[in-house]
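[1] Pasting the sequence and the predicted coordinates here, then a few questions.
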Amino acid sequence: MTAPFLSSFLRANPRNLDSLKAAWARMLELGYTTRTEPVAEPDNCTRTRCAGVHEGYPGSEHRWALRCLLCSVDIEIFYSHMRERTGKNPAPPRRHKGCKFSGPSRAQARAARYAELGLDLPAWDADAHAA
């Protein structure tokens, strides 16, 4: 696993570095890692949305190139989809779309896979804790 790093277009200011720490911790908690193959970041991407995928932590409004350790699939995911949602419709983070370890019916398999990988079960994953 690599050390936390920012996408090439993000400045290393206090806010981005704090966000990087939180995002990296959530990435690991969900059983994701950075890809081993380099990802070509889009030219001239800025803080506004772009269609590209980024190798380092790109902020919450850009897609992050990751690999799911549970199902071994490369994914492109927004950090904002990995965070816990609060407010009117609170919901815990969820696995990526298409993950064979996603959902309540796969909680036992998910718990076993986390254990196989030597990862702690996320505290919010009540289904996997009950399995």
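    Arrived safely, thanks for sending. Residues are numbered from 1 along each chain as shown.
[2] Residues in contact with stretch 77-94: which ones?
    23, 26-27, 30, 32, 57-64, 66, 96, 102, 122, 124-125 (C-beta atoms under 8 Å, 6 or more residues apart in numbering). (C-beta placed from N, C-alpha, C; glycine too.)
[3] do the same with stretch 17-28
    1, 4-6, 33-34, 57, 59-60, 64, 66, 79, 82-83, 93, 119.
[4] Restricted to buried residues, select the residues you listed in PyMOL.
    Buried members of the contacts of stretch 17-28, defined by 16 or more other C-beta atoms under 10 Å, are picked up in PyMOL with:
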select buried, resi 4+6+34+57+59+64+66+79+82
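[5] What is the most widely separated pair among the contacts of stretch 17-28?
    Using C-beta to C-beta, the pair of the contacts of stretch 17-28 lying farthest apart is Gly59 and Leu119, separated by 25.0 Å.
[6] got any ranges where the chain has weak pLDDT?
    1, 87-91 (pLDDT under 70).
[7] measure the residue located most distally from the centre of it to Ser8 for me?
    For the chain, the residue at maximal distance from the C-alpha centroid (C-alpha atoms, centre = their mean) is Asn44, at 23.9 Å. The gap separating Asn44 from Ser8 is 11 Å, by C-beta to C-beta, to the nearest Å.
[8] mind checking the SS state of the residue positioned nearest the centre of the chain?
    Closest residue to the average C-alpha location of the chain: Met27 at 3.7 Å, with C-alpha atoms, centre = their mean. Following DSSP: H, G, I helix; E, B strand; the rest coil, Met27 is assigned to helix.
[9] I'm done for today, thanks for sticking with me.
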